[in-house]
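Trainee: okay, sequence plus prediction incoming.
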Amino acid sequence: MSPGRRFLSGLTSRSSGNSLPLLLVEDEHQQIGELLGVAPLCHMHLDWQSLPAMLANPLLRCWVLHHDGAIRALLGATVYNPPAGASVAWLRLALPPIDGSEPGFDCLWEALQDDLASMAVGQIGILAIEPWVENIADDWGFRRTNAVVTLQRNFGRMPPLPVPPMQIRAVAQADLDDIVRVDAVSFHPLWQHDRAALEAAQCQASTFTLIEMEGDILGYQLSTWYVDSGHLARLAVKPEARGQGLSKLLVGDVLHFFAKRNITTITVNTQEDNVVSQRLYASLGFEHTGHSVPVWTFDM
């Protein structure tokens, strides 16, 4: 049994009618997949992973409630251990009790909170994709601290491409450790990606490139393609390399990539409080769409 699937002592058996919270086990993956597919209320923040991959992720701490052997509620978070500082977690899966029992959901939150505290998690984040998620976040003591906003570019002047010795090239498998290091120094721990996340993203990327000079990797971008539009999913430049226009060169490379494929509509997400990135995108013809997703955080 993997570390993310252990039992805690003192909890009641799964065979009983009503149980205290228990950690998810592999045999329950299919049941959860079916349940989330039909539940009127559910929260799934999966990032680059599929639901089966998320359920099998050893970093997932998922607590469930049973009734007569069937899962009736669940709450799960993934833990990220940054290279420096306290661990952080995102609430990835949430299914309120099917019978509407709010105390049951609170019981799951208490179990998950204690579990994450034992792993030295310093902060938990929730991406409030659905309005009801904000209600439970508020009830549990989370605070709305940010939002993810969307910008879009339909047309505009194409920025220049880099000139030697600066170059942009595709990310190779051998570059991933360096990319992870760039990512780690570019974002707050809550927003960082580890190697596993970047590998999952690479599998879905239409373009994954880095910018370097004389072998030194200074930044990278990762973008996806959805039928008739492109999406800039990730952009990072080392702090010591900023102020040289490298972000604009990376975005320009993305715009040229999609333009060659007759794709003119490009979207990007960024944090509401990231004024620097919003200025960059505005200078390249991106405009706010008005769409935003609130971010709530809980400090342990």
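Mentor: Structure received. Residues are numbered from 1 along each chain as shown.

Trainee: so residue 37 lies in a strand, does it not?
Mentor: No - using DSSP: H, G, I helix; E, B strand; the rest coil, the secondary structure at residue 37 is helix, not a strand.

Trainee: so for it, what's the pLDDT?
Mentor: On pLDDT, residue 37 comes in at 90.

Trainee: now swap in the one 10 residues further on and tell me
Mentor: Per-residue confidence (pLDDT) for residue 47: 92.

Trainee: quick one: residues contacting it.
Mentor: Neighbouring residues of residue 47 by C-beta atoms under 8 Å, 6 or more residues apart in numbering: 197, 200-201. Quick note: C-beta positions are derived from backbone N, CA and C, even for glycine.

Trainee: got the phi and psi for it?
Mentor: Here is the backbone geometry of residue 47 (degrees, to the nearest 10): phi 50, psi -120.

Trainee: now the one 10 residues further on
Mentor: Backbone torsions for residue 57, taken as degrees, to the nearest 10, come to phi -70, psi 120.

Trainee: how close does it get to residue 240?
Mentor: Distance, residue 57 to residue 240, by C-beta to C-beta, to the nearest Å: 33 Å.

Trainee: enumerate every residue touching the nearest residue to residue 41 once chain neighbours are set aside.
Mentor: Nearest residue to residue 41 in three dimensions, chain neighbours excluded: residue 96, at 5.3 Å (C-beta to C-beta, 6 or more residues apart in numbering). By C-beta under 8 Å, 6+ apart, the contact list for residue 96 reads 41, 73, 102, 105, 132, 136.

Trainee: tell me where the stretch 101-250 of the chain has strands.
Mentor: Secondary structure of the stretch 101-250 of the chain (DSSP state E, counting those that start in this stretch): strands located at 121-127, 143-153, 166-170, 207-213, 216-226, 229-237.

Trainee: partner strands of the first one, parallel or antiparallel?
Mentor: Applying DSSP bridges, strand 121-127 is found paired with strand 87-95 (parallel), strand 287-299 (antiparallel).

Trainee: could you do the fifth one as well?
Mentor: With DSSP bridges as the criterion, the sheet partners recorded for strand 216-226 are strand 207-213 (antiparallel), strand 229-237 (antiparallel).

Trainee: returning to what we had before: could the strands of the stretch 101-250 of the chain go into JSON lines alongside mean neighbour count?
Mentor: Listed next are these as JSON lines, based on neighbours: other C-beta atoms under 10 Å:
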{"stretch": "strand 121-127", "mean neighbour count": "21"}
{"stretch": "strand 143-153", "mean neighbour count": "18"}
{"stretch": "strand 166-170", "mean neighbour count": "15"}
{"stretch": "strand 207-213", "mean neighbour count": "20"}
{"stretch": "strand 216-226", "mean neighbour count": "20"}
{"stretch": "strand 229-237", "mean neighbour count": "21"}
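
Trainee: Serialize those to JSON lines and add fields for mean pLDDT.
Mentor: Listed next are the strands of the stretch 101-250 of the chain as JSON lines, based on pLDDT from 0 to 100:
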{"stretch": "strand 121-127", "mean pLDDT": "97"}
{"stretch": "strand 143-153", "mean pLDDT": "98"}
{"stretch": "strand 166-170", "mean pLDDT": "97"}
{"stretch": "strand 207-213", "mean pLDDT": "97"}
{"stretch": "strand 216-226", "mean pLDDT": "97"}
{"stretch": "strand 229-237", "mean pLDDT": "98"}
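
Trainee: adding distance to residue 88, write the ones you listed out as TSV.
Mentor: Shown next, in TSV, are those (distance: least, C-beta to C-beta, whole Å):
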stretch	distance to residue 88
strand 121-127	5
strand 143-153	13
strand 166-170	30
strand 207-213	24
strand 216-226	21
strand 229-237	17
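
Trainee: among those strands, which is nearest residue 284?
Mentor: If you check each of those against residue 284 by C-beta to C-beta, strand 143-153 wins as the nearest, at 6.6 Å.

Trainee: what residues are up against residue 186?
Mentor: 219, 236-239.

Trainee: closest one of the residues you listed to residue 296?
Mentor: Distances from residue 296 to the contacts of residue 186, taken by C-beta to C-beta, are shortest for residue 236, at 24.1 Å.

Trainee: if I look at the closest residue to that closest one other than its chain neighbours, how far off is residue 277?
Mentor: Spatial nearest neighbour of residue 236, chain neighbours left out: residue 186 (3.8 Å); criterion: C-beta to C-beta, 6+ apart. Shown here: residue 186 relative to residue 277, a distance of 11 Å by C-beta to C-beta.

Trainee: buried among the contacts of residue 96? Make that a ChimeraX selection.
Mentor: Burial among these is assessed by 16 or more other C-beta atoms under 10 Å; the matching ChimeraX selection reads:
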select :73,105,136
